[in-house]
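# Task: produce atomic coordinates for the following.
(one chain, ligands or ions: 1)
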Amino acid sequence: MTTRIQNATVVTMNPQREVLNNTDIWIDDRIIIAVGDYGGEARKTIDGSNMVAIPGLIQPHIHLCQTLFRGLADDLSLLEWLTKRIWPLETALNAQAMRISSLSAVAELIRGGTTTILDMGSLRHTEIIFQTLLKTGIRGYAGKCLMDRPNRFLMENREEALTESYALAREWHNQDRGRIRYAPAPRFTLSASDKLFEGARVLADSFQTLVHTHAAETLDEISEGVKLHKRPPVAHLHDLNILGSATVLAHGVWMNPEEEAIVADTHTKLVHCPSSNLKLASGLAPTPRWEEQGVNFGIAADGASCNNLLDGFMEMRTAALMAKPFFGPAALPASHVFAHATIEGARVLGLEKEVGSLEVGKQADIVLLDFSGMHHQLWRRTPIYNQLVYQTRSTDVHLTMVGGEVLYENHEFSTLDIDEINGLAPEVLAEVLRRIEENS
Ligand SMILES: [Zn+2]
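Prediction:
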């Protein structure tokens, strides 16, 4: 069935960075078959007049399981946030809580124009996250979070955790023609042993997929890591042969010069999470320096419990603004930020041939933005990337499409029952909080 988006302003993010006015996009069997004129007939036409079509945003570091905890863990440092709130809350998640949390998260992502994610699951109920990805139509990687170092809350036996990871990878990796993929997720070097990281690497290599972890997020993590391993976390992961182009490190705020060189030399991927880094007072990621070093990085919201939104437009704006007081007003310009949130984010995930730009042959992951609001009044007179990064709000999203399927249009979801999710969320959360009291 051929779909035509008619008469839009198309921000292609192709290698020439073309922006095309009054242009059609044609889609057939999930794929973009033309940008511009095409001789065929459309079975379905979507009016793109006065709309801007962009590639769907890509957020390569998300915690779907934490959306239910939004607002329950504010104003804490990372290690307090983890040990006092997040780990006890994740421990108390049952299957129904995971279902409601992940569905709420994906609804917010789709409504805000995000079409691809890399999710770090939790220790339990990872299969529910995959069911959410399957049902909602969003594209992404997810994986069981892996923790085997002793702590009072979340930890598992290493062999059992890896055995379950293999079973999940066999069941879910490359589901729905590759829309859904598996990526094992050792949490960070303070909570996952060297052997667990090595096991995750072997699993990832055997399925030709990614290893996803946190590294160099806070100074406390660095000093604890040095106590434990005699080396800071990124250098330690390099010593273990974990790094490389199929490894995604969230944060990278506090890498020393040796570690920054390691990341650049090994083509390891980074994810900048600006709101999370600010809210947890983790620090300032030196993103303009990463650009100078040729490091490939994406931009993401992290989790709703440390942000408290999963808003890709908010993250782009924050990424741009927070670089400027430290690196100058010209640092990380809007055109670069938008690339990090689209085609560069795709490269972080090894998906740059499939998504991240609006080009013939790519998956039809397309967002239509309605620029009729007051804050876009003179939009045709200023550079489009400045509009997209500094002025666009997630509420400007009119339509979100993944693989040619419309998941959200004009305030309506096609794969999600928002009333059911919102109706169940309070009692599901109350049950989680009851279980925490029983456990304490
Ligand atoms: Zn995270």
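
# mind listing the strands for the stretch 1-150 of the chain?
3-11, 19-28, 31-35, 44-47, 51-55, 57-63, 114-119, 139-142, 145-146 (DSSP state E, counting those that start in this stretch).

# Now the ones you listed in JSON lines, please, with extra columns for mean pLDDT and mean neighbour count.
Quick note: C-beta positions are derived from backbone N, CA and C, even for glycine. Formatted as JSON lines, the strands of the stretch 1-150 of the chain follow (pLDDT from 0 to 100; neighbours: other C-beta atoms under 10 Å):
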{"stretch": "strand 3-11", "mean pLDDT": "98", "mean neighbour count": "22"}
{"stretch": "strand 19-28", "mean pLDDT": "97", "mean neighbour count": "19"}
{"stretch": "strand 31-35", "mean pLDDT": "98", "mean neighbour count": "19"}
{"stretch": "strand 44-47", "mean pLDDT": "97", "mean neighbour count": "16"}
{"stretch": "strand 51-55", "mean pLDDT": "98", "mean neighbour count": "25"}
{"stretch": "strand 57-63", "mean pLDDT": "98", "mean neighbour count": "30"}
{"stretch": "strand 114-119", "mean pLDDT": "98", "mean neighbour count": "29"}
{"stretch": "strand 139-142", "mean pLDDT": "98", "mean neighbour count": "27"}
{"stretch": "strand 145-146", "mean pLDDT": "97", "mean neighbour count": "28"}
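
# Looking at those strands, spot the one closest to A285.
strand 57-63 (12.1 Å; C-beta to C-beta).

# if we look at that closest one, which residues are touching it?
Applying C-beta atoms under 8 Å, 6 or more residues apart in numbering, the external contacts of strand 57-63 come out as 105, 109, 112-120, 212, 248, 250, 269, 271, 273, 298-305, 310, 312-313, 315-316, 341-342, 345-346, 348-349, 351, 355-356, 367.

# before we move on, back to that, now distance to E160 too, for the strands of the stretch 1-150 of the chain, in JSON lines please.
What follows is the strands of the stretch 1-150 of the chain, written out as JSON lines (distance: least, C-beta to C-beta, whole Å):
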{"stretch": "strand 3-11", "distance to E160": "46"}
{"stretch": "strand 19-28", "distance to E160": "44"}
{"stretch": "strand 31-35", "distance to E160": "41"}
{"stretch": "strand 44-47", "distance to E160": "48"}
{"stretch": "strand 51-55", "distance to E160": "40"}
{"stretch": "strand 57-63", "distance to E160": "22"}
{"stretch": "strand 114-119", "distance to E160": "21"}
{"stretch": "strand 139-142", "distance to E160": "19"}
{"stretch": "strand 145-146", "distance to E160": "11"}
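
# Out of these, which is closest to K279?
strand 57-63 (13.9 Å).

# ok, the closest one: who's next to it in the sheet?
Counting by DSSP bridges, the strands paired with strand 57-63 are strand 114-119 (parallel), strand 302-303 (parallel).

# Tell me which other helices or strands the worst-scoring helix or strand of the chain on mean pLDDT touches.
Least confident helix or strand, the chain: helix 78-80 with a mean of 86, by mean pLDDT, DSSP states H and E. Judged by 3 or more C-beta pairs under 8 Å, 6 or more residues apart in numbering; DSSP states H and E, the packing partners of helix 78-80 are helix 219-229.
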